[in-house]
Structures are given as structure tokens and as C-alpha cells.
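In: Sequence unavailable; structure follows:
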């Protein structure tokens, strides 16, 4: 439970980072995904540290966490993708409202 929640939250934060980089534009563009090397490096570092937290036995001792199964890991990613999609829909609605109101 706890490890899944932490992984879902971290994955959601990574996806949110990509969402907020372009508030007035869709995030799922080539530029939106690879536009800034610093962001990609940070995401790589966070991902590596998250794997360390999730699978390193000494981290299990420190945080009373457990390794995730593949379905649990996919669930964490699915939660993050759902959050990303909701935010993208909200951004699209706001763009249309701005366009409709001139």
C-alpha cells in the first residue's frame, strides 16, 4: 500500500511537471516532451531514485516499504497518466473558452 502510494504520487508529479511547462498549449508534442535537457535529467534522476526506494532492500528497512509487482507498478503509472489526461482536458477547455471569448 504505502510503496504503491508513494510511487503513484511521484509518477503523478513527473507527469504534472510536463503538464505545467506549457499551460496554454498541449503538452504532448515533441517539444513538450524533450524541450529542456535539465527537465529530462531531473526526471531521469527522480526515476532512478524511485527505483532505488522501491527495490533496494536497505530502503525497505528504512521506510518499511515493499517492492512493487509489475501490475502494481503499472497501476502507479496508470494513475499518473489519468492525472495527466485530466489536466490536458482542463487546459483544452480553458483554451477553447479563451478562444470563444476573444
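Out: Right, received. Where do you want to start? Bear in mind the structure is a predicted one, so any value in this text is a computation, not a measurement. Numbers count the residues shown, from 1 in each chain.

In: starting at the chain centroid, how far to the host helix or strand of residue 58?
Out: For residue 58, the element it lies in under DSSP states H and E is helix 57-63. In this view, helix 57-63 has its centroid 23 Å away from the chain centroid, taken as C-alpha atoms, centre = their mean, to the nearest Å.

In: Now the element after that helix, going C-ward?
Out: helix 70-100.

In: Check the model's average confidence along that following helix for me.
Out: Averaged across helix 70-100, pLDDT comes to 92.

In: helices or strands up against that helix?
Out: The contact analysis (3 or more C-beta pairs under 8 Å, 6 or more residues apart in numbering; DSSP states H and E) places helix 70-100 against helix 2-21. (C-beta placed from N, C-alpha, C; glycine too.)

In: Need the residues that contact the helix it packs on.
Out: Contact with helix 2-21 is made by 27, 32-33, 35-36, 39, 43, 46-47, 50, 53-54, 63-68, 72-73, 75-77, 79-81, 83-84, 87-88, 91, as judged by C-beta atoms under 8 Å, 6 or more residues apart in numbering.

In: Give the burial count for residue 23, as a bare number.
Out: Neighbours of residue 23 under the rule other C-beta atoms under 10 Å: 11.

In: Ok, residue 7 next?
Out: Residue 7 has 23 nearby residues by other C-beta under 10 Å.

In: Residue 90 versus that one, what's the distance?
Out: 24 Å (C-beta to C-beta, to the nearest Å).

In: can you check residue 68 too?
Out: Taken as C-beta to C-beta, the span from residue 68 to residue 90 is 29 Å.
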